[in-house]
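Student: Need a 3D model of the sequence below.
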Amino acid sequence: MVTNQTNLFLIFIVNGIIIGLLFDFFRVLRITFKTNDFITYAEDILFWILTGAIILYSIFTFNNGEIRLFLFLGILLGCICYMLTLSSYIIKTNTTIINFLKKIITKILNIILFPIKCVIKTVKRIFFKPISFLTINIRKNSTNLLKNIYNSIKNTNKTKNNVKKAKI
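Tutor: Predicted coordinates:
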């Protein structure tokens with residue numbers, strides 16, 4: 001009986017360590033990838049769902065669904081021991097690894113996307129620059145044409161008024 005409870009206590013200490021690892025996983029994600037508040041809330045909800053699932057699975061698997069205080073004390077002790085001993089090393093190591101991988105992936109993507117960027121730049125230069133040149137010139141010419149038409153209408157109105165005045 002005592003050995004069974006001791007084994008259960010050790011199993012739930014391991015559960016506490018697993019929950020600490022899961023917590024650090026989400027901490028590393030937040031450190032390496034800057035996310036908005038919605039993603040952070042979603043990660044928090046996911047963490048608590050996974051934590052609850054781990055605890056419930058362990059309680060039903062190892063203790064036939066019986067909830068005892070020492071199980072939660074084992075989880076708490078496992079989390080505290082993990083946080084005090086291994087947590088900082090795991091966070092530093094994983095953050096370094098993920099940042100290194102991000103740099104490598106960014107460089108690879110830049111190398112892969114460089115020809116595509118050059119093609120896009122060339123296409124813009126070949127097709128869009130003449131189109132923009134034409135639209136700018138059409139706009140200038142059309143405004144000049146409209147000004148000329150307006151001025152000619154204005155001048156014809158003046159000449160009509162002058163002719164009317166001369167007749168009177």
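Student: tell me which element the residue nearest to the spatial centre of the chain is part of?
Tutor: Most central in the chain under CA atoms, centre = their mean is residue 35, positioned 5.3 Å from the mean C-alpha point. Assigned by DSSP states H and E, residue 35 falls within no helix or strand.
Student: From residue 47, how far off is it?
Tutor: Distance of residue 35 to residue 47, given as CB to CB, to the nearest Å: 14 Å. For every residue, glycine as well, the C-beta is placed using N, CA and C.
Student: before we move on, what about residue 93?
Tutor: Separation of residue 93 from residue 47 (CB to CB) stands at 20 Å.
Student: remind me which residues of this protein are low pLDDT?
Tutor: Under the criterion pLDDT under 70, the flagged ranges of the chain are 1, 127-134, 157-168.
Student: picking that back up, with neighbour numbers in mind, choose between residue 93 and residue 47.
Tutor: Taking other CB atoms under 10 Å, residue 93 and residue 47 do not tie; residue 47 has more neighbours (16 against 11).
Student: The more buried one sits in which helix or strand?
Tutor: Using DSSP H and E, residue 47 falls in helix 37-62.
Student: and if you look at residue 70?
Tutor: Counting by DSSP H and E, residue 70 is part of helix 69-85.
Student: helices or strands next to that helix in the packing?
Tutor: If you count contacts as 3 or more CB pairs under 8 Å, 6 or more residues apart in numbering; DSSP states H and E, helix 69-85 packs onto helix 2-32.
Student: Give me the buried positions along the helix it packs on.
Tutor: By neighbour count on 16 or more other CB atoms under 10 Å, the buried set for helix 2-32 is 8-9, 11-13, 15-20, 23-25, 27-29.
Student: What is it packed up against?
Tutor: In terms of contacts (3+ CB pairs under 8 Å, 6+ apart), helix 2-32 is packed against helix 37-62, helix 69-85, helix 87-123.
Student: ok, and what's touching the shortest one?
Tutor: With contact meaning CB atoms under 8 Å, 6 or more residues apart in numbering, helix 69-85 is reached by 5, 8-21, 23, 55, 59, 63.
Student: one more time with 10 Å
Tutor: Identification of contacts with helix 69-85 by CB atoms under 10 Å, 6 or more residues apart in numbering yields 5-6, 8-21, 23-24, 51, 54-55, 58-59, 62-63, 68, 87, 90.
Student: and if you look at stretch 94-107?
Tutor: Contacts of stretch 94-107 (CB under 10 Å, 6+ apart): 24, 25, 27, 28, 29, 31, 32, 33.
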